[in-house]
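J.: Could you look at this predicted model? Sequence included:
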Amino acid sequence: MSALDDIVLSPDPRLKQECAPIEHIDANIKQLAKRMLKDMYAAEGCGLAAPQIGENIQMVVIDVDYAEDKPNPYVLINPEIIKADGALSVYNEGCLSFPGISVPVERPSHVVVRALNLDGELMEYEAEGNLLAICLQHEIDHLHGITMVDHLSITQRAAAMREYEQALAAGARPGDTDID
């Protein structure tokens, strides 16, 4: 089984569930974080939430720098957006759970997030107008059962889901943002 086979694909109901907070950071959680990073890198993604590998807990991994050969992974446990403001901006988002498509999602350009790291330390992450700001919001949405297509109008969502079904039929795999 490859790392790409670990990724849960829409319309799996696990992607629509509210995730449970992590009570204790133990060896199992640390091992899961390593697995999630491995899966994310294998799929050439910049973020992955625990429900995307079938784990109904509040943990995400993010690395928006790896493409520049400068790995800089973040592991966020029980992340909470404490501020989302600034100008709304539209970014074409892809998702490992929706291979083969990207969709325009409007989000605040500035975000502040609090989360625990793997050492149990409370951390604060702030990003504005960049991929990290988008990725933080996108991955934290997953922990609350919200996917990128939920941000679309009914008409846009229907079109995106048709495109997604066609992409899957054409062989799209996690990490693909379009099918040529």
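T.: Arrived safely, thanks for sending.
J.: Give me the sheet partners of the longest strand belonging to the chain and which way each runs.
T.: For the chain, the longest strand by residue count, based on DSSP state E, is strand 74-94. Sheet partners assigned to strand 74-94 using DSSP bridges are listed as strand 59-62 (antiparallel), strand 102-116 (antiparallel).
J.: looking at those, which is buried most?
T.: Of all these, strand 59-62 has the most neighbours on average by mean count of other Cβ atoms under 10 Å, namely a mean of 28. Any C-beta I mention is one placed from the backbone N, CA and C, and that applies to glycine too.
J.: pLDDT averaged over it, what's the number?
T.: Across strand 59-62, the average pLDDT comes to 98.
J.: And for stretch 144-153?
T.: 98.
J.: what's the most centrally placed residue in the chain in contact with, if anything?
T.: In the chain, the centroid-proximal residue (Cα atoms, centre = their mean) is residue 139; its distance is 3.3 Å. Contact analysis of residue 139 by Cβ atoms under 8 Å, 6 or more residues apart in numbering lists 47, 48, 49, 60, 62, 76, 79.
J.: Among those residues, name the buried ones.
T.: Among these, those buried by neighbour count (16 or more other Cβ atoms under 10 Å) are 47, 48, 49, 60, 62, 76, 79.
J.: Output the residues you listed as JSON lines; include the columns distance to residue 21.
T.: Below are the buried ones among the contacts of residue 139 laid out as JSON lines (distance: Cβ to Cβ, whole Å):
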{"residue": "47", "distance to residue 21": "19"}
{"residue": "48", "distance to residue 21": "18"}
{"residue": "49", "distance to residue 21": "14"}
{"residue": "60", "distance to residue 21": "13"}
{"residue": "62", "distance to residue 21": "18"}
{"residue": "76", "distance to residue 21": "12"}
{"residue": "79", "distance to residue 21": "10"}
